[in-house]
Structures are given as structure tokens and as C-alpha cells.
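Participant: Need a 3D model of the sequence below.
(chains A and B)
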Amino acid sequence: GAVVSQHPSWVICKSGTSVKIECRSLDFQATTMFWYRQFPKQSLMLMATSNEGSKATYEQGVEKDKFLINHASLTLSTLTVTSAHPEDSSFYICSAALRGGKTQYFGPGTRLLVL
Amino acid sequence: GESVGLHLPTLSVQEGDNSIINCAYSNSASDYFIWYKQESGKGPQFIIDIRSNMDKRQGQRVTVLLNKTVKHLSLQIAATQPGDSAVYFCAENIDNNDMRFGAGTRLTVKP
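Facilitator: The predicted structure is shown next:
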């Protein structure tokens, strides 16, 4: 149980394009989903917290207009990296928490490479 | 601000030995802790958790110890196997959804 998927797993794009990453909770309903970014050999850095049906809460220093988050249903959240640049290249990981729970279950991650 | 940190960035053990990975936290208000395992190119995988009203919790081959007096958390892996090689993160939960991760410890198991 508590399986989270992400799509795509890999994406390579040109600078200036937008990329959408999907995060799905496959066997449970997630009222809250989280988006993290991880650079090589570093820990996970929380970007934003997404609650179903409401606006995401962004961490300090994360541009909400650049990283658009939509959590339209209890099983799907999307992260759109708008006008991606090479410095946005990173490993993006989502997680989801069960309703009322504290434990976060992570997706497999999406590696983004912006050329 | 308050944060979670790790004493050792790398740990190398012989296959079959026990491993101990340590984590120090500074937020006394944290009431829930989780250990995650992250293999290369993958997302973190839940290993074991512990609430602040406990000082020890055991799983399959893993044990988490919590010492609130010194704000210390450890993960013990018994009979370490090559498949245990990964980066291990501790995470503390302060508010209901606010989880902060430590820097991570890379565990390497030598055959």
C-alpha cells in the first residue's frame, strides 16, 4: 500500500520550454502532497506543499510563478516548471501523505535536464 | 533556524556486520521521526518511524532509537547486506505536515 508514482521519470528539454511533472497516489487518497528538489549529493529540499482544492504553500525562495503546482484531485498533483533554464536541472520528487497522517510516501522522482 | 543534521556523511561496513547511522536534531518540539532509505536515482523509501513518546522501535532487521534528552536519533541495521547500500536520511516532523530532512549518510556495504 501507499504507492506514489511520478511521470515522466526522465525529461530532457530545451531552455525556455515548460515541463509538467505528474505525481499520483495509486492506492490511497492524499489530501496533501509535497514537492521536493534534490541536487546531486544533497538532501531533499521542500519546494511547496500542495493541498487538494487549494493553493499551494511555497517555501521561502521558491518562485511560485516559475513552479506552478496544481492539486486538482485527491490522487493527482502536478508541478510545471515554466520557462525552464539549465539551473532548473535537478531531481524532482513528490510525496503524499494519507489523510490525517504524518508519514510521507515518496514517488520515484523525475530527473529534469534542461539544455 | 533549527534543523536536523547527521554526524557522519559516509559509513562503510563489512557485509554481515551491524550498522549504526546517527542523526542529531535540535528542535525539541519535534514529535515524530522517520528514517528513509534512498538508492541512487530513486525516491526515498520509508524504513521505520518513531514517535516522541517512545525511545525504541524495532522492525525487520532495523531498530530506531530516540534519545530526547540529547536530541539524538539512530538507525541500527542488523546483519548489513549489500542491498542496504544507499543514502539514509532522518526526518523530523514538527507540525502536522512540516517535515525536515537531514543531510544524509551514505552507507556502503563491502562484500
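
Participant: Report the separation between the residue in chain A positioned nearest to chain B and residue B:71.
Facilitator: In chain A, the residue that lies nearest chain B is residue A:106 (3.9 Å; Cβ to the nearest Cβ). C-beta: built from backbone N, CA, C; applies to glycine. Going from residue A:106 to residue B:71 by Cβ to Cβ, to the nearest Å gives 25 Å.

Participant: Sketch out the low-pLDDT regions of chain A for me.
Facilitator: A:1 (pLDDT under 70).

Participant: need the strands for it, in chain order.
Facilitator: For chain A, applying DSSP state E gives strands covering A:4-7, A:10-13, A:19-25, A:30-38, A:45-51, A:57-58, A:67-73, A:76-81, A:90-98, A:104-106, A:110-114.

Participant: For residue B:9, which of these is the nearest?
Facilitator: The minimum distance between residue B:9 and the strands of chain A falls on strand A:30-38, with 15.7 Å, by Cβ to Cβ.

Participant: Given the closest one, what are its sheet partners and their directions?
Facilitator: When pairing is defined by DSSP bridges, strand A:30-38 lines up against strand A:45-51 (antiparallel), strand A:90-98 (antiparallel).

Participant: Need the pLDDT of residue B:95.
Facilitator: Residue B:95 is assigned a predicted lDDT (pLDDT) of 69.

Participant: What is the neighbour count of residue A:31?
Facilitator: 18 (other Cβ atoms under 10 Å in any protein chain shown).

Participant: Quick check, it in contact with residue A:74.
Facilitator: Yes. With contacts counted by Cβ atoms under 8 Å, residue A:31 reaches residue A:74, the gap being 6.5 Å.

Participant: quick one: common contacting residues for those two?
Facilitator: residue A:52 (Cβ atoms under 8 Å, 6 or more residues apart in numbering or on different chains).

Participant: burial measure for the residue lying closest to residue A:65 once chain neighbours are set aside, as a count.
Facilitator: In this structure, residue A:65 finds its nearest non-sequential neighbour in residue A:82, 7.2 Å apart by Cβ to Cβ, 6 or more residues apart in numbering or on different chains. Using other Cβ under 10 Å, residue A:82 is surrounded by 15 other residues.

Participant: Contacts only, for residue A:82.
Facilitator: Residue A:82 neighbours (Cβ under 8 Å, 6+ apart): A:18, A:65, A:66, A:67, A:68.

Participant: Tell me how many other residues crowd residue B:90.
Facilitator: 27.

Participant: Can you add distance to residue A:115 and mean neighbour count and give the strands paired with strand A:30-38 back as CSV?
Facilitator: Putting these into CSV (distance: least, Cβ to Cβ, whole Å; neighbours: other Cβ atoms under 10 Å in any protein chain shown) gives the following:
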stretch, distance to residue A:115, mean neighbour count
strand A:45-51, 22, 20
strand A:90-98, 14, 24
